[in-house]
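Enquirer: Structure here, sequence nowhere to be found:
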């Protein structure tokens, strides 16, 4: 894919919702909607906030394989990134992506034990646009 970093990066930045998938303990894929990523390093590393008590955190600790999907509904195009997730619970990681208003989700603030960070690291992707799909390496 020509200039995947730029094209996919713009799609990530403009998305209000993303979708993350994990594998449960019976081997079934589960997909959940997420708020837009908090931070990204190119398209290789993407950070999300989530609840420590969520099933996705439980399962990512058992099996770190994941995929993240971003969609541009206006132009009916999307990208699936495949890679791994690391659950970060350090104060440094939490402070890094904390935003004003997060107390709506995490009542105790940045130190809330039910707040953690998902660090997604992409290995490859598949982009769909104009009735065709294209695989690319990251």
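Expert: Everything's here; your move. Treat the numbers as computed from the prediction; the structure is a model and nothing was measured. Numbering: from 1, shown residues only.

Enquirer: in the protein, which spans are strands?
Expert: Along the chain, counting by DSSP state E, strands occupy 17-23, 29-35, 39-41, 45-51, 65-72, 77-88, 115-129, 132-137.

Enquirer: So residue 96 is in contact with residue 39, correct?
Expert: Yes - if you go by C-beta atoms under 8 Å, residue 96 and residue 39 touch, sitting 7.1 Å apart. All C-beta atoms are positioned from the backbone trio N, CA, C, and that covers glycine.

Enquirer: Now do the shared contacts for those two.
Expert: Common contacts of residue 96 and residue 39, defined by C-beta atoms under 8 Å, 6 or more residues apart in numbering, comprise residue 47.

Enquirer: How far off centre is the lowest-mean-pLDDT helix or strand in the chain?
Expert: Every helix and strand of the chain was ranked by mean pLDDT, DSSP states H and E. The lowest is helix 4-14, at a mean of 93. Distance of helix 4-14 from its chain centroid, counting by C-alpha atoms, centre = their mean, to the nearest Å, is 13 Å.

Enquirer: Check which helices and strands that helix is in contact with.
Expert: Using 3 or more C-beta pairs under 8 Å, 6 or more residues apart in numbering; DSSP states H and E as the contact test, the elements touching helix 4-14 are strand 39-41, strand 65-72, strand 77-88, strand 115-129.
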